[in-house]
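# here's my sequence, what's the structure:
(2 chains)
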Amino acid sequence: MTLLFEGSQWDFATLDRAYAAIGEIALNDLGLDVYPNQIEIISSEQMLDAYSSLAMPLMYNHWSFGKLFAREETMYRAGYSALAYEIVINSNPCISYLLEENTMTMQALVMAHAAFGHNHFFKNNYLFRQWTNAEGILDYLAFAKRYVAACEERHGREEVEAVLDAAHALMDQGVFRYRRPPRPSKERVIEKRRKRMEYEAEAYNELWRTLPAGIEPPSAPPTPDPEEEFGVEDRLPEENILYFLEKNSPSLKPWQRETLRIVRNLAQYFHPQRQLKVMNEGCATFVHYTIMNTLYERGRIDEGSLLEFLHSHTSVVFQPAFDDKRYYGINPYALGYAMMEDIKRICEAPTQEDRDWFPSIAGSGDAMAALKDAWANYRDESFIEQFLSPKLMRDFRFFSLFDKADDAVYRVSAIHDERGYREVRKALARQYDTAGDPNIQVAGADLKGSRTLLLEHRMHRGVPLNNALKEQVLAHVELLWGHDVRLEEVAA
Amino acid sequence: MAALEAAIQPASFREREDSGAPADADALGGRVKPGHDVFILAGDPVTHFIDRRLNPKGKSLGNRQRFLRRARAQIREAVQKSLKESAVADLAKDRKIKISTKGTKEPRFRLDPRAAGERDFVLPGNKQFTSGDEIKKPRSGEDGARGKQASDAFEGEDDFEFTMTQDEVLDIFFEDLALPNLVRTTLKETPAKTWKRAGLTTAGSPNQINLLRTMRHAQGRRLAMRRPSLKHIEALEQALQAAECEEPQAPEKIAALKEQLAKANARRKWVGFIDPVDVRFNAFTEQPVPTSQAVMFCLMDVSGSMGEREKDLAKRFYMLLHLFLKRRYEKVDVVFIRHTHDAQEVDEQEFFYSRQSGGTIVSTALDKMLEIQKARYATADWNIYAAQASDGYTQTGDARHCVELLNEQIMPLCQYYAYIEILDEREMEVFASEDSGAELWRAYRTVAEEWDNFATKRIARPADIFPVFHELFRKAEA
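Okay, here's the model as predicted:
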């Protein structure tokens, strides 16, 4: 086999060759299942652009994106931060952005990482399959951008900005975690249409035809919501505050409701990504590591490229200890990649300990099958709960701290030893559960009397909301609701 | 592979690309159109490479403008502060701005485990702990790993730093000064360029040939190479003719003359009249149009009565004048003269920030200005502008002296003399009429009546500054 490329320069013909070679390994050797790829080469300024609009290729205009851009640009120009090598979008076709400044080795690495690793994960993980519409997202964004622009035109920027600000503040509370939004059943839709026609027939009056042109007959009364047959109370509590406001706020105009809906749909689109950070990066990193090494074994890349790739790979999966100046939380690349490699090890060369802990996969010999099963059917929380092995906990030297607000000390509740493995694993899994977000629900809405909206924060183990932020967000909620809003913190 | 390719690749895409790629990869890559930037790979899945680098830039400009407007109050404050700290001549530059996040906060509901309740959390990198150990909590504000995380999650961002372009800075500067739009564009406009002679070159277009130089070079070369002149040849020819007509003929002489003539003709051919090495072309370079120079005298009363606010207003006044001069003149010198009961030339730092005690005699500054002008800025070479800021007090009797100096010596030299009297808002109301005022003001009014290019104005707010320059900018537009 000949080398795919030499040196750091790239051109489209080389990218083409490398893509083909990488694709062969990904599809034939690893058996990945991917959306068609669309790979775009962009400049650093365009990368900053993409960064600052939630990493989406198009996005409605809002000042917060401008703020992010200004910050990123300053950081980048001052040399504090490097740009990402790539951005990948969960869409069909799967769009990956490659930075033009990457060397050829980096382009190959990034193609393996994004166009095959992330792509496979997007297409196969159950959360993405159930919750995000990869086919429609780009069209929807295009619609959102047009719609927001049209609203700005018609109602003024300040008005639109106020609604978007408020909606952004509630983005974390704008997702359905467990159920899909209720859709009216087919019969209800037909029934609604029939009622409307009946009303029009009844209200029809010859007299209106005699009016001079330009004068409209009185409009029909608002059609009742299909769910209106039940009172609002019957549909409470509601976890999706944005949804509730969109449907029930007494003061919003139709365009404001549609704007809330756009933000809510975006929040829902991003929701799975937040629950899959470790797995998604772990999967992509594992795939690029395997592919790059296979390329080297087959003589398609030289030692120089291999070393360059290893250098960047090791810095990506670096995990500083908690007392290190560079510690900034657990690196999802490090944990994810280590777990994937560990599953491979357990399948291929298990120890007795692995056999005890993972009887179903230990020694099975087929690592890819176990990995693909994991990638398809777990999210971070359940994945860690299921697959974090004692060996990894020892390698990472994980330990768990118990923190009570009133105490002056943390108590080490468990460490990486025989007694502690299960507890550490459970605590870590819990950390990745998005239920770690505050659990806030709409508990009551007095639509007939004072119109007060009652929100309820069900505290987990007595942890309250940050007070200053709570006040600020509640101001936004009041703007959307139009009347008083109260938030109560109750023990769950 | 070939079979697969044949099955999937449409016939129109089957032209092979001769890029010297390895055979198997080459078979996979088919280029759509030469020179087009979309590649289509045969094989499943179909892949596109798209070159987006040439797409229009500034996609996030709309977001940036929204952000700048949103944070307007903070940015204004920050820009003003930054202007206060920067030099008069540094106004038109990109600058880093640091603003507080007030007004651009993006609050979200967040838990606060430090307030109440309990939790478990996992950290990597255990070294010496075993279960049951106790670790002292870092006090809030202390720079522990946890503190960093916590403050990140809750209070979010503190101050926020980013770079503003020159245009954005000027916009904010102008906004306060209430500059008319036309003036804004005049000031922001980059000066026009013109082509200026820049010596000679050996290459260029025929219409730029410099005949004089070319001919002079040719002549020198002809002399050096001893090119026989036409006269010389004619003389030889005549001599030959004469020799041929002579009786009896002298064959040696004729042969010698013939040889000489042949040699001379050959040399003439060999050493051309004009050779490519002689040719010179006029060279031009682009240069900004206003190529003259100006000096700007900043005069200010620094006695105790001039406080922080007064100096800040004065500084903006100087900045605006400097900005204007920079647009019109290639080179602008700034001279700072401060005075109390006697005047000194100082650097900018001292001018704005140091304080002196003493009485106030305005004419000393005018004397100093004249002295410096005579020593360094001859009127033949320099356009002279003066900007004077004061709170309007001077020693009794000095005002008359000032008027004499201005009328007789200074105004004949100056392109423009602008005087601002800085009052506070209350005084502004008292002196509503232009005619009433302290001694210096009344005295300067008489000067203004006499000279068109003398402007006086009382100001209490930044927006009052511009009218001082009204005349100046009107001229610039004409």
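# in the stretch 351-492 of chain A, where is pLDDT below threshold?
Counting by pLDDT under 70, the stretch 351-492 of chain A shows low-confidence ranges at A:434-436.
# quick one: the strands in it, in order.
In the stretch 351-492 of chain A, the strands defined using DSSP state E, counting those that start in this stretch lie at A:399-404, A:409-415, A:440-445, A:453-459, A:485-491.
# summarise which helices and strands the third one is packed against.
The reference is to strand A:440-445. Strand A:440-445 sits against helix A:241-248, strand A:453-459, with contacts defined as 3 or more Cβ pairs under 8 Å, 6 or more residues apart in numbering or on different chains; DSSP states H and E. From N, CA and C alone the C-beta is placed, and that goes for glycine too.
# if we use 10 Å, what do you get?
helix A:241-248, strand A:453-459, helix A:467-481, strand A:485-491 (3 or more Cβ pairs under 10 Å, 6 or more residues apart in numbering or on different chains; DSSP states H and E).
# same deal with the first one?
For strand A:399-404, the elements it packs on are strand A:409-415, helix A:421-432, strand B:118-123, strand B:134-136, judged by 3+ Cβ pairs under 10 Å, 6+ apart.
# and stretch A:329-342, anywhere near chain B?
Yes: interface with chain B: stretch A:329-342 contributes A:329-331, A:334-335 (Cβ under 10 Å from any Cβ of the partner chain).
# need the contact list for the residue in chain B that chain A sits nearest to.
With Cβ to the nearest Cβ, the shortest gap between chain B and chain A falls at residue B:125, namely 2.3 Å. Contact analysis of residue B:125 by Cβ atoms under 10 Å, 6 or more residues apart in numbering or on different chains lists A:319-324, A:327, A:396-399, B:145.
# same list (the residues you listed) but as JSON lines, adding distance to residue B:225 and neighbour count.
As requested, those are exported to JSON lines (distance: Cβ to Cβ, whole Å; neighbours: other Cβ atoms under 10 Å in any protein chain shown):
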{"residue": "A:319", "distance to residue B:225": "81", "neighbour count": "21"}
{"residue": "A:320", "distance to residue B:225": "80", "neighbour count": "16"}
{"residue": "A:321", "distance to residue B:225": "84", "neighbour count": "15"}
{"residue": "A:322", "distance to residue B:225": "87", "neighbour count": "22"}
{"residue": "A:323", "distance to residue B:225": "86", "neighbour count": "12"}
{"residue": "A:324", "distance to residue B:225": "81", "neighbour count": "12"}
{"residue": "A:327", "distance to residue B:225": "82", "neighbour count": "20"}
{"residue": "A:396", "distance to residue B:225": "88", "neighbour count": "23"}
{"residue": "A:397", "distance to residue B:225": "90", "neighbour count": "17"}
{"residue": "A:398", "distance to residue B:225": "92", "neighbour count": "26"}
{"residue": "A:399", "distance to residue B:225": "95", "neighbour count": "26"}
{"residue": "B:145", "distance to residue B:225": "86", "neighbour count": "20"}
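# can you map out the strands along the stretch 251-400 of chain B?
Using DSSP E, counting those that start in this stretch, strands in the stretch 251-400 of chain B cover B:281-288, B:293-301, B:331-339, B:343-346, B:382-390.
# strand B:293-301 and the third one, what's the angle between them?
Between strand B:331-339 and strand B:293-301, the angle comes out at 20 degrees (axes from the mean of the first three to the mean of the last three Cα atoms, to 10 degrees).
# note down every partner strand of strand B:331-339 and its orientation.
Counting by DSSP bridges, the strands paired with strand B:331-339 are strand B:293-301 (parallel), strand B:343-346 (antiparallel).
# how far away from the center of its chain is the first one?
This means strand B:293-301. Taking Cα atoms, centre = their mean, to the nearest Å, the mean C-alpha location of strand B:293-301 is offset from the chain mean by 21 Å.
# can you pull the contacts of the residue lying closest to residue B:302 once chain neighbours are set aside?
Spatial nearest neighbour of residue B:302, excluding adjacent residues (Cβ to Cβ, 6 or more residues apart in numbering or on different chains): residue B:338 at 4.5 Å. Residues in contact with residue B:338 (Cβ under 10 Å, 6+ apart) are B:298-303, B:306, B:344-346, B:350-352, B:354-356, B:365, B:368.
# now, of those, which are buried?
Buried subset of these (neighbour count, 16 or more other Cβ atoms under 10 Å in any protein chain shown): B:298-303, B:306, B:344-346, B:351-352, B:356, B:365, B:368.
# circling back: to residue A:103, which of the helices and strands packed on strand A:399-404 lies closest?
Evaluated with Cβ to Cβ, the helices and strands packed on strand A:399-404 place helix A:421-432 nearest to residue A:103, the distance being 33.9 Å.
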